[in-house]
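*Asks:* Quick one, structure for this:
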Amino acid sequence: MRYEIWCRRVCGAGATFALLVWSVPCHAQAPPTGPNDPATVDAARLYGDACAPCHGLEGDGRGRGARLLGSPQPRDFTVGTFEFRSTPTGSLPTDEDLFRTISRGVPGTWMPAWEEHLTPAQRWALVSYVKGFAEYFADEEPDPPVPAPEEPGSTPELVTEGRFVYTVLKCWECHGATGRGDGPKSDELADDWDRRIRPYDFTRGSFKNGSSPADLYRTLATGLTGTPMPAYDRNNVSFPGDLDLESMREGLGTGDLGALETYLTGQPTGSEIGSLAEAEIGALVEHRLWALVYYLQSLERSRGALYWLFRENPEMEAREKEQ
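*Replies:* Residues are numbered from 1 along each chain as shown. Predicted coordinates for the structure are as follows:
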């Protein structure tokens, strides 16, 4: 009780709610009779204890604690729109995608990593239960996952190229020239439900859909359905080298415009790209995406003692600034 009072005084009501969510009743944490068989789990009861406080008993994202959470709001499972997938934009997620999100949680939000509290069988049972809220899962099959190529490994050259790719793709318009989520369009973005949404601050390092190179590649290649974040694929990543630099000045700065021009000079022109074989274009896109992945990872800034003590929440911090 003293700890809960301390949370209220130091972090506000939101932290108290988080404490309550983390304190899942013992019967929700206990392993099922058959620990490898999700069918033995009382999924309805488990969902009611662990998920309903935020996502609601009906899965509509209107749990009794949802109003305390700010942005982003808990996912409405009934609409069948999921940000974190390995499948193409517009597709349902695979079971493995849902299991990964439940297990890892969503860093920077109140969604915890349940792998620390629930058995694999319990988490797989939740996958099936969550799917039951959206009729789409009964009528459609997820598209095949976007292929995950082998990681080339980060190099200074790839990181530098990634900065140019970041500029050409105009990531800076939302995420800012230095990746802090403060781009010129950052105050005008909304999700598919017309709720204001903040671009992520890449300098925080802990990405919502996973922070490994493979995780970031998957996020870039599939996009975040329901948000303004698009999928980066052949259509936009196979940009030609003969581009107008003036539109990129704000994203890179005048001093680096010459370096960007040099980079683009070495890239295929529009006519050259048109004559490339499909496999060559695929290799070009893959190379540029890996460069962007390693550049985004390079933006993480060092974390001080307060971060490790309080685990700062960027979404809540942004909400407090807006109020």
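*Asks:* burial count for R180?
*Replies:* Number of residues near R180 (other CB atoms under 10 Å) recorded here: 17. Every residue, glycine included, has its C-beta placed from N, CA and C.
*Asks:* where's it relative to T203, distance?
*Replies:* 6 Å (CB to CB, to the nearest Å).
*Asks:* outside of stretch 225-237, which residues touch it?
*Replies:* Residues from elsewhere that reach stretch 225-237 (CB atoms under 8 Å, 6 or more residues apart in numbering): 81-83, 85, 88-90, 165, 169, 174, 189-193, 197, 220-223, 281-282, 284-285, 288-289, 292.
*Asks:* Tell me which residues of that stretch come out buried.
*Replies:* 225-227, 229, 231-233, 237 (16 or more other CB atoms under 10 Å).
*Asks:* Can you pick out the most distant pair from those?
*Replies:* G226 and V237 (21.6 Å; CB to CB).
*Asks:* Secondary structure element for the residue nearest to D192 when sequence neighbours are not counted, which one?
*Replies:* Excluding the flanking residues, the one nearest D192 by CB to CB, 6 or more residues apart in numbering is G226, at 4.7 Å. Per DSSP states H and E, G226 falls between elements, in no helix or strand.
*Asks:* Could I get the pLDDT score of G226?
*Replies:* Looking at G226, its pLDDT reads 90.
*Asks:* Quick check: the gap between it and L252.
*Replies:* Distance, G226 to L252, by CB to CB: 30 Å.
*Asks:* Which residue ranges of the stretch 1-150 of the chain form helices?
*Replies:* 2-11, 13-22, 26-29, 43-50, 52-55, 95-104, 120-131, 136-139 (DSSP state H, counting those that start in this stretch).
*Asks:* how many degrees apart are the longest one and helix 43-50 in direction?
*Replies:* I take that to be helix 120-131. On the basis of axes from the mean of the first three to the mean of the last three CA atoms, to 10 degrees, helix 120-131 is oriented at 90 degrees to helix 43-50.
*Asks:* Between helix 95-104 and helix 120-131, find me the angle.
*Replies:* Using the same axes, to 10 degrees, helix 120-131 lies at 120 degrees relative to helix 95-104.
*Asks:* and helix 120-131, what other elements does it pack with?
*Replies:* Packing partners of helix 120-131 (3 or more CB pairs under 8 Å, 6 or more residues apart in numbering; DSSP states H and E): helix 43-50, helix 95-104.
*Asks:* Same question for it: list its buried residues.
*Replies:* In helix 120-131, counting by 16+ other CB under 10 Å, buried: 121-127, 129-131.
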